[in-house]
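Using only what follows, build the 3D model:
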Amino acid sequence: KVGRVPIFILGACINVLVIIIMLSWTPTSSAVGVVYLLAALWGMADAIWQTQINALYGVLFASDEEAAFSNYRLWESMGFLLAFITQASGVCVLPKLILALFFLSFAMVGYLLLELLERKEAKSSHTN
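Okay, here's the model as predicted:
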């Protein structure tokens, strides 16, 4: 059994790798394949996020799934809104990448703390 943590870390590592490449690489017309590779990697990480977050919410909120998934969709939509507003207002790619890296780091710290608390709670309820 692999568990959720290594899969979440894999998704984060893929995203960080793609963001670092996008921050340090200048695209050229002869490197179209790299653009497609970066898009494929980003899609792999997104597939990890979509499946694992849904599974995590199903486990954490088994008694109140409807509210949990509604909340998840709300915040996902807020992210889409933020992306749309920054695109429409002409924000360059560099600040968007830095913002994405910040949110990814913040979210992974929060996720790892959540897993730690869940393990402590499971251990204490198992011993009682």
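
Could you list the buried residues of the longest helix along the chain?
In the chain, with assignment by DSSP state H, the single longest helix is helix 93-127. For helix 93-127, a neighbour-count test (16 or more other CB atoms under 10 Å) marks 96, 100, 104, 108, 111 as buried. In this view, the C-beta of every residue, glycine as well, is placed from N, C-alpha and C.

Touching, the first one and F84? I think so.
No: K96 is not in contact with F84 according to CB atoms under 8 Å; the separation is 11.8 Å.

could you pull out the helices for this structure?
Using DSSP H, the helices found in the chain span residues 4-24, 32-60, 65-88, 93-127.

Can you add mean pLDDT and give the ones you listed back as TSV?
Formatted as TSV, the helices of the chain follow (pLDDT from 0 to 100):
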stretch	mean pLDDT
helix 4-24	97
helix 32-60	95
helix 65-88	93
helix 93-127	93
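
what's the offset of stretch 52-68 from the middle of its chain?
Relative to its chain's centre, stretch 52-68 lies at 16 Å (CA atoms, centre = their mean, to the nearest Å).

ends of that stretch, how far apart?
End-to-end distance of stretch 52-68 (CA to CA, to the nearest Å): 14 Å.

buried residues in that stretch?
Quick answer for stretch 52-68 (16+ other CB under 10 Å): 52-53, 56, 68.

List the contacts of that stretch.
With CB atoms under 8 Å, 6 or more residues apart in numbering as the test, stretch 52-68 has contacts from 4, 7-8, 11, 69, 72, 114, 118.

Could you identify the buried members of these?
Buried among these (16+ other CB under 10 Å): 8, 11.

Next one: G3, what pLDDT does it get?
For G3, the pLDDT comes out at 89.

now swap in N128 and tell me
pLDDT at N128 comes out at 65.

residues in contact with the residue nearest the centre of the chain?
For the chain, W49 is the residue whose C-alpha lies nearest the centre (CA atoms, centre = their mean; 5.2 Å). Residues in contact with W49 (CB under 8 Å, 6+ apart) are G11.

do you know how far C92 is from V32?
To V32, C92 is 22 Å away according to CB to CB, to the nearest Å.
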